[in-house]
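**Student:** whatever this is, show me its structure:
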Amino acid sequence: MSLPEWAEKYFYLSAESSYVESQWVAFPYQPAMLAVMASDAVREVTCAKSARVGWTKMMLACICYNAQHRRRNQAIWNPTDSDSDEFCKVDLETALRDVLVMSDVWTPDLAKNRANTLRTKLFRGSTLHLRGGKAAKNYRRLSVDVAYIDELDGFDHDIEREGAPDKLVAKRVEGATWPKLIVGSTPKTALDSQIEPRLQAMDVIYEFAVPCPHCDELHALTWTANKGPHGLRWVNDDPATAAHQCPHCAAMMTQAEFLQVWVRGLWIGDDGSHLAKDGSHRVLADGTAARLPSRVGFRIWTAYSPMTDWSSIVRDYLDAAAKAARGDNSLLKSFTNLTLGQVWEEVVEKTEANDLVARAEAYPLRVVPLGALILTAGIDVQDNRFEIVVWGWGRGEESWVVDYTVLHVDPAIDESWVKLDSYLSTRFRHAGGQWIGIDAAAIDTGGHHTHQAYKFAAKRHARRVFACKGHNVAGKPIVASSNMVDINMDGRIEKRGVRLWMIGTDTAKDLLFSRLKVTQHGPGYPHLSKNLPQEFFEQLTSEARVPMRTARGVVNRWQKVRPSARNEVLDCTVGAMFAAYRLDIHRYTSAMWSRLEAVLCPPIADMFTPTDEALPPSAPDTRESEPAERAEGASVDAGTDAPPAAPAAAAAPRVPAPVLRRAVPKKVARRAIAW
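**Tutor:** Residues are numbered from 1 along each chain as shown. This is a model prediction of the structure:
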């Protein structure tokens with residue numbers, strides 16, 4: 001017996017979970033969906049849906065059918081434990097009570113068994129597991145034939161760092177004779193939706209099409225917000241006039257006419273095929289019968305359901321649009337998700353990676369361009385690597401990417417931090433003929449290996465290596481605040497061991513992305529090299545400013561464009577910006593920049609040295625400092641009256657130059673004269 005036949009004969013709608021207690025009567029679009037959900041030829045079913053289309057009831061019928069008729073082990077996941085408990089109490093247990101045929105497998109002795117809980121139902125010959133989706137442990141130690149995920153977009157994208165929920169659930173059916181994964185959800189935002197990319201990965205996506213009562217041509221019900229040549233339309237903002245305009249003959253079809261012709265509707269696929277009425281097979285575009293594909297997708301929205309009037313759909317939209325015109329999109333978002341079954345496209349502020357690739361310039365990395373006079377670095381610490389981006393800064397905060405390096409090491413090992421220190425001691429060839437070191441660096445302590453990062457920064461505060469963390473309050477300045485934190489230094493507690501700096505990350509990103517829109521070289525323009533990998537540009541543009549509703553109203557927050565996107569380059573760039581502002585480069589006068597230029601670009605310095613000469617060939621994590629043509633303390637910072645260090649002797653060892661917090665213009669000039 002097929003699932004549609006079984007449901008028609010046995011399935012019952014309980015009073016606690018339905019508007020009307022009655023025997024199941026399928027809507028015309030449901031039998032084919034049920035058949036696909038139960039077909040052994042189909043391994044994955046994904047449905048992007050609105051509310052009120054009967055998806056939960058179809059899923060419940062499939063669970064009962066597989067338990068009573070097929071005796072297959074099953075598991076269903078809901079977004080949270082409370083959602084799972086509610087489904088068990090309201091939907092499942094009432095169905096076990098009212099669907100009389102379930103007494104074959106749900107006997108009184110089993111119903112009273114202590115093993116039957118809100119998490120497990122023992123049937124005769126099979127078991128059903130019910131789990132919430134928050135904890136990774138809920139995806140372990142289960143081997144089933146059929147798995148269900150209800151409301152996928154309500155799940156976390158990464159379950160306790162073990163992976164996406166649908167991937168974890170798919171592992172539970174591996175090895176089954178007839179594995180089946182059934183996933184359904186109402187979509188959420190485009191940046192956050194998991195059901196939409198999953199639906200697009202299906203072999204075929206089907207939409208329900210009905211014949212026009214005037215021209216008899218099949219077409220799907222569409223929503224165009226009363227615009228365009230077809231779709232659900234109305235007159236003079238009157239919801240009572242709602243009707244659907246045919247895309248073929250432009251005639252209007254009322255909901256009453258729709259309910260007369262929908263029994264002749266078919267599921268039409270994006271490949272030109274359609275499902276047979278009973279859902280047992282598909283019919284190709286040339287009319288030949290074929291097996292169902294292995295992965296089938298469905299898309300359906302509220303207009304197909306007779307439980308909702310078309311006039312109420314239009315009324316809800318008009319109310320939402322009126323509120324959106326006053327600046328509140330909350331109702332319009334709910335309408336898009338719950339009524340249309342579509343993802344909500346946020347109005348975002350973002351920069352495309354391809355645009356940055358197109359404007360990249362042909363200058364070599366690790367050679368500092370003429371305009372760059374100060375170098376700062378941002379360091380992001382991951383579990384298996386350090387990611388470092390070095391930016392050069394010049395007049396008007398014009399900037400250049402000088403280097404992008406990934407040190408593949410284990411930050412849990414002390415030797416790895418020695419390699420990081422060696423890299424930060426690197427001196428880069430300046431186009432003016434001198435050698436220049438990194439003046440300041442910011443290391444992110446907010447994620448991985450916080451203790452080791454504190455320790456590293458504490459020992460190098462004289463070289464301006466700042467321990468940093470993103471501020472959790474929006475609107476803070478880039479150099480927001482600082483406080484002393486205790487750290488463990490080789491087994492003993494050092495009170496006030498390191499100064500932790502807070503970065504106004506949203507302010508820094510606002511500034512960065514506004515500058516990425518600058519089109520003319522000069523103040524504020526960020527230069528990017530063609531020698532940078534594609535990954536650099538993608539990570540730099542991995543986030544977008546998205547409007548979000550909070551208790552204080554609608555605010556704009558920076559979020560990843562895709563939840564799985566990497567953003568280490570962006571975080572490193574924010575760190576380099578912090579280091580530059582910590583040096584007060586935004587307060588440098590023209591005279592201070594001129595003196596720096598005189599030091600790095602003397603009129604007769606190394607006139608025969610090629611300016612495109614790269615650094616000596618060696619791994620970036622093992623490079624030694626270059627000869628100190630740029631003497632210790634040569635970097636300029638506007639903050640302290642410490643005397644300048646003497647130039648290094650020719651035979652002196654190659655050690656990193658200590659950097660001063662600030663050198664006043666007279667001292668810069670004095671050092672230039674000394675050189």
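
**Student:** could you use CA atoms for every contact and neighbour count after this?
**Tutor:** OK.

**Student:** quick check: buried residues in stretch 201-214?
**Tutor:** Neighbour-count burial for stretch 201-214 flags M202, D203, V204, I205, Y206, E207, F208, A209, V210, P211, C212, P213 (criterion: 16 or more other C-alpha atoms under 10 Å).

**Student:** closest to W24 out of those?
**Tutor:** For these, the residue nearest W24 by C-alpha to C-alpha is F208; the value is 20.7 Å.

**Student:** doesn't that closest one belong to a strand?
**Tutor:** Yes: per DSSP: H, G, I helix; E, B strand; the rest coil, F208 lies within a strand segment.

**Student:** ok, it touching L266?
**Tutor:** Yes: because the distance of 5.7 Å satisfies C-alpha atoms under 8 Å, F208 is recorded as touching L266.

**Student:** overlap of the contact sets of the two?
**Tutor:** The contact sets of F208 and L266 overlap at Y29 (C-alpha atoms under 8 Å, 6 or more residues apart in numbering).

**Student:** show me where pLDDT drops low in the stretch 501-650 of the chain?
**Tutor:** 547-555, 603-650 (pLDDT under 70).

**Student:** please repeat the previous calculation with a cut-off of 80.
**Tutor:** The stretch 501-650 of the chain contains residues with pLDDT under 80 at 546-556, 561-564, 602-650.

**Student:** what about the helices in it?
**Tutor:** Ranges of helices in the stretch 501-650 of the chain, per DSSP state H, counting those that start in this stretch, are 505-515, 534-540, 568-582, 590-600.

**Student:** and for the nearest residue to A276 once chain neighbours are set aside, the neighbour number?
**Tutor:** Spatial nearest neighbour of A276, chain neighbours left out: R282 (5.5 Å); criterion: C-alpha to C-alpha, 6 or more residues apart in numbering. Using other C-alpha atoms under 10 Å, R282 is surrounded by 22 other residues.

**Student:** beta-bridge partners for P526, please?
**Tutor:** Residues in a beta bridge with P526, per DSSP bridges, are S399.

**Student:** now stretch 589-605, how far from the centre of its chain.
**Tutor:** Counting by C-alpha atoms, centre = their mean, to the nearest Å, stretch 589-605 is centred 45 Å from the centre of its parent chain.

**Student:** thinking again about what came up before, any idea which of the buried residues of stretch 201-214 is closest to E397?
**Tutor:** Closest to E397, out of all of the buried residues of stretch 201-214 and judged by C-alpha to C-alpha, is M202, at 48.6 Å.

**Student:** how about the secondary structure of K89?
**Tutor:** The three-state label given to K89 by three-state DSSP is helix.

**Student:** list the contacts for the closest residue to it other than its chain neighbours?
**Tutor:** In space, K89 comes closest to L118 once its chain neighbours are excluded; the distance is 7.7 Å by C-alpha to C-alpha, 6+ apart. For L118, the contacting residues are D85, C88, K89, L130, by C-alpha under 8 Å, 6+ apart.

**Student:** right, and the secondary structure at L118 would be what?
**Tutor:** coil.

**Student:** gap between it and M59?
**Tutor:** From L118 across to M59, the span is 18 Å (C-alpha to C-alpha, to the nearest Å).

**Student:** for L142, same thing?
**Tutor:** Where M59 is concerned, L142 sits at a distance of 20 Å (C-alpha to C-alpha).

**Student:** tell me which of these two has more neighbours.
**Tutor:** The neighbour comparison of L142 against M59 (other C-alpha under 10 Å) goes to M59, with 20 against 14.

**Student:** in a strand, that one, correct?
**Tutor:** No: secondary structure of M59 (three-state DSSP): helix, not part of a strand.

**Student:** gap between it and M484?
**Tutor:** For M59, the distance to M484 - C-alpha to C-alpha - is 56 Å.

**Student:** do the same with V357
**Tutor:** From V357 to M484 the distance is 41 Å (C-alpha to C-alpha).

**Student:** what does Y139 give?
**Tutor:** 42 Å.

**Student:** which residue packs closest to V204, ignoring adjacent ones?
**Tutor:** Spatially, and ignoring its direct neighbours in sequence, V204 is nearest to V296 (5.4 Å; C-alpha to C-alpha, 6+ apart).

**Student:** what is the burial count for the one you found?
**Tutor:** By other C-alpha under 10 Å, the burial measure for V296, its neighbour count, is 24.

**Student:** quick one: which helix or strand includes it?
**Tutor:** Under the criterion DSSP states H and E, the helix or strand holding V296 is strand 295-300.

**Student:** who touches that strand?
**Tutor:** 36, 42-50, 53, 199, 202-208, 341.

**Student:** how about stretch 15-35?
**Tutor:** Identification of contacts with stretch 15-35 by C-alpha under 8 Å, 6+ apart yields 2-4, 7-8, 10-14, 58, 62, 90-91, 94, 208, 262-263, 265-267, 275-280.

**Student:** same question for stretch 232-247.
**Tutor:** Residues from elsewhere that reach stretch 232-247 (C-alpha under 8 Å, 6+ apart): 212, 219, 221-227, 229-231, 251-255, 310-312, 314-315, 318.

**Student:** mind listing the helices for the stretch 101-250 of the chain?
**Tutor:** Under the criterion DSSP H, counting those that start in this stretch, the stretch 101-250 of the chain contains helices at 108-111, 165-170, 195-200.

**Student:** what would the ones you listed look like in TSV with mean neighbour count?
**Tutor:** Listed next are the helices of the stretch 101-250 of the chain as TSV, based on neighbours: other C-alpha atoms under 10 Å:
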stretch	mean neighbour count
helix 108-111	12
helix 165-170	19
helix 195-200	18
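
**Student:** could the ones you listed be laid out in JSON lines, adding distance to V599 and mean pLDDT?
**Tutor:** Converted to JSON lines, those look like this (distance: least, C-alpha to C-alpha, whole Å; pLDDT from 0 to 100):
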{"stretch": "helix 108-111", "distance to V599": "86", "mean pLDDT": "89"}
{"stretch": "helix 165-170", "distance to V599": "58", "mean pLDDT": "96"}
{"stretch": "helix 195-200", "distance to V599": "55", "mean pLDDT": "95"}
